[in-house]
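Q: predicted model and sequence follow; I will ask about them next.
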Amino acid sequence: MSAEPLALTLTRDASGVTVEADGRPFAAYVIDQGNKPYLWPVIGPTGKPMTRAFPMRDLPEEPAAQRDHPHHRGITFGHESVGGADWKFPETWEGLTGTETYDGGGDTWHERLTFEEFIRQGKMVNLNRARLPTVGRIVHRMFTLAEVEGDRAVIEEVCDHVDPAGRPFLEEHRRLTFRADGDSRTIDVDQEFACAPAAGPVRFDDRKDAGLFIRVPTSMAVDAKQGGRIVNSDGLVDKEAWSKPARWCDYHGPVAGEHLGIAILNHPASYRHPTRWHVRTYGLFTANPFASRDYDATLPDGTTSLAPGDVLRLHHRFVFHKGDEQTGAVEAAWRRYAAEPRRPFGGSGGPATIVVGEGGPGWRDLTADDFENVNGEPGTWTWQGNSVRCTGQPVGVIRTKRPVTNLELSLEWRHLTSGGNSGVFLWAPAAALEKIPPGTLPRGGIEVQVLDHGYTSQYEKSSGKKADWFTTDGDVFPVGTSTMKPFPPVAPDGKRSFPTARHSRGTPEWNHYYIRAIDGEVRLWVNGHEVSGGSGCTPATGFLCLESEGAPVEFRRLRIRELPASETR
């Protein structure tokens, strides 16, 4: 970009992240709507919206004919048929009723809203009812980075691609990099895909409805007949550009009285560069490297298989510019982009960064070799690498073989039944673990609660009392002989640190905990948000324990970094 860069700011809230350029809206990244994260609105260099508003908002200037495909939300990513060995997309919908179940994969391109709307309109009711149970989700797990770095704002997140029952089969690391000046706006989207732990290989089927896409403003669509046009790097235009490989593609046309354009650039390091383009004259604009035969029956099958340990990388840049592809100098923009190496994930380590469990100096896996049984049965805990499943019976704990003092702990957990209870004990003294019988818990330590949301209603129903002394979103509290000064808000008993916000997910979804236990101070992040903790803990050294408390629970990606006192602040 030749013009002077604009100052960018990031604002986090429960719905995601908002980006502003010189105090004016640029983009919002939404993580709690639909079945996958998306960018909307996106504002171009002249202050005009650069995507369709439907279905997020109904605007009178968007004609009814353009209020189709409600899964086309702003800028997003999806795939119609992706999954593991157990996943099979139906070959025919005939005879299916919509009561079927699908495991190990799903359709993350569409939403349930897509098929529900067709059913409401009476269109192909049986087919659309049959498609409803195939819909999967791309679930935001956590932000690992959100900060401004010079002339750019950067967001990094981890997403879980889950089947209709909520079981993850694919893990994605996603980076969004925003830049702005007086002539243009750019958004880089870098994606890394890997098989979910213990999920086995993943297959991306050959489908045209797949990839990174934007729904352009309704007036820009070629079919609106207001001057909109599609052109790719090889000079193919409009319908000719559909399905053809190209290093970039541009969609331009009128928006609120101005001629503006959107280019998507495909980086040479991206999978199957130059990518093919699922770009339609009605306004869909997609970079899709996954399809081949679904575009053209004479082409070879384009199905992609991803083995455990493999990584698939996609790299694209959106350029929102003035005028057509010539005015916007799209070819020159692609050449600059192609010369830029793509940086690895993990962030710059600045003060706004939360990077957990990503490797780096001192981090290591916790496995069965690190723990020993305290008062459980031989089958209570079952390990696989740095993942462990607990039956919940009997009540008790396992502990590390040696005590730890200053540490960072990264782990994921999920309960397998509603109302499940478990926890992580920090700094449990040896005396609190000696000769405790099955059915009892340590008599000391700092507990980080691992509690499913269903526990609240179960407690209130069984006790007849209001559940005002605990939460299900990450309480931290001392047990037995241990003491702690809790961070506010504080429970009625004055001992528990209640979370400042609710970020936990209920069964069967996974949650991420990042715990810092340093110099007698404990801090807990839930799914990327710091929520609770305490200071002045005594003792501030001891054993790390995992708790069995009556219900099946799973932990995975258990990682620890031990720190000497000199590195703790």
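A: Looks like it arrived, so ask away.

Q: span of stretch 392-403 from start to end?
A: In stretch 392-403, first residue to last residue: 24 Å (CA to CA, to the nearest Å).

Q: one more: stretch 541-559?
A: Stretch 541-559: ends 18 Å apart by CA to CA.

Q: pull out the buried positions in it.
A: For stretch 541-559, the neighbour count (16 or more other CB atoms under 10 Å) marks 541-559 as buried. The C-beta positions use only the backbone N, C-alpha and C, and glycine is treated the same way.

Q: looking at these, which are in strands?
A: 543-548, 553-559 (DSSP state E).

Q: in TSV: these, plus distance to residue 158.
A: Putting these into TSV (distance: CB to CB, whole Å) gives the following:
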residue	distance to residue 158
543	29
544	24
545	26
546	22
547	25
548	27
553	21
554	18
555	17
556	13
557	10
558	16
559	14
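
Q: can you redo those residues as TSV with pLDDT?
A: Listed next are these as TSV, based on pLDDT from 0 to 100:
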residue	pLDDT
543	98
544	98
545	98
546	98
547	98
548	97
553	97
554	96
555	96
556	94
557	88
558	94
559	91
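
Q: quick one: low-confidence ranges for this protein?
A: Along the chain, segments meeting pLDDT under 70 span 1-2, 345-361, 565-569.

Q: quick check: domain ranges of it?
A: Domains of the chain are assigned by automatic domain parsing as 8-338, 364-567.

Q: now the ones you listed in TSV, with distance to residue 344?
A: Putting those into TSV (distance: least, CB to CB, whole Å) gives the following:
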stretch	distance to residue 344
domain 8-338	9
domain 364-567	18
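
Q: name the element residue 192 belongs to?
A: strand 184-195 (DSSP states H and E).

Q: what's the following helix or strand after that strand?
A: Counting by DSSP H and E, what follows strand 184-195 is strand 202-204.

Q: what lines up beside that next one in the sheet?
A: Counting by DSSP bridges, the strands paired with strand 202-204 are strand 82-83 (antiparallel), strand 304-306 (antiparallel).

Q: pick the most buried one from these.
A: The highest mean neighbour count among the strands paired with strand 202-204, using mean count of other CB atoms under 10 Å, belongs to strand 82-83: a mean of 28.

Q: contacts for that strand next, please.
A: With CB atoms under 8 Å, 6 or more residues apart in numbering as the test, strand 82-83 has contacts from 104-106, 108, 136, 161, 163, 169-170, 202-205, 210.

Q: ok, now stretch 303-310?
A: With CB under 8 Å, 6+ apart as the criterion, stretch 303-310 contacts 170, 193-195, 200-206, 271, 290, 312.

Q: let's see 10 Å
A: Under the criterion CB atoms under 10 Å, 6 or more residues apart in numbering, residues 79, 81-82, 84, 170, 193-207, 210, 271-272, 289-294, 312 lie in contact with stretch 303-310.

Q: and the end-to-end length of it?
A: Stretch 303-310 stretches 16 Å from its first residue to its last (CA to CA).

Q: and it, how far out from the chain's middle?
A: Relative to its parent chain, stretch 303-310 has a centroid offset of 20 Å by CA atoms, centre = their mean, to the nearest Å.

Q: same check, this time on stretch 375-393
A: Relative to its chain's centre, stretch 375-393 lies at 28 Å (CA atoms, centre = their mean).

Q: neighbours around the nearest residue to residue 138 once chain neighbours are set aside, how many?
A: Spatial nearest neighbour of residue 138, chain neighbours left out: residue 36 (3.8 Å); criterion: CB to CB, 6 or more residues apart in numbering. As a burial measure, residue 36 scores 22 neighbours (other CB atoms under 10 Å).

Q: and residue 36, which of the three is it?
A: Under DSSP: H, G, I helix; E, B strand; the rest coil, the three-state class of residue 36 is coil.

Q: just the buried positions in the strand holding residue 192, please.
A: If you call a residue buried by 16+ other CB under 10 Å, then strand 184-195 has these buried ones: 184-195.

Q: likewise stretch 274-294?
A: For stretch 274-294, a neighbour-count test (16+ other CB under 10 Å) marks 274-292, 294 as buried.

Q: hmm, back to that, nearest to residue 244 among the ones in strands among the buried residues of stretch 541-559?
A: Proximity of those to residue 244 (CB to CB) peaks at residue 557, which lies at 40.9 Å.

Q: quick one: that closest one and residue 142 touch, right?
A: No - using CB atoms under 10 Å, residue 557 is not in contact with residue 142; the gap is 11.7 Å.

Q: who are the neighbours in contact with the closest residue to residue 252 other than its chain neighbours?
A: Closest residue to residue 252 apart from its sequence neighbours, by CB to CB, 6+ apart: residue 261 at 3.3 Å. Contact analysis of residue 261 by CB under 10 Å, 6+ apart lists 44, 50, 184, 216, 220, 228-229, 231, 250-253, 255, 319-328, 330.
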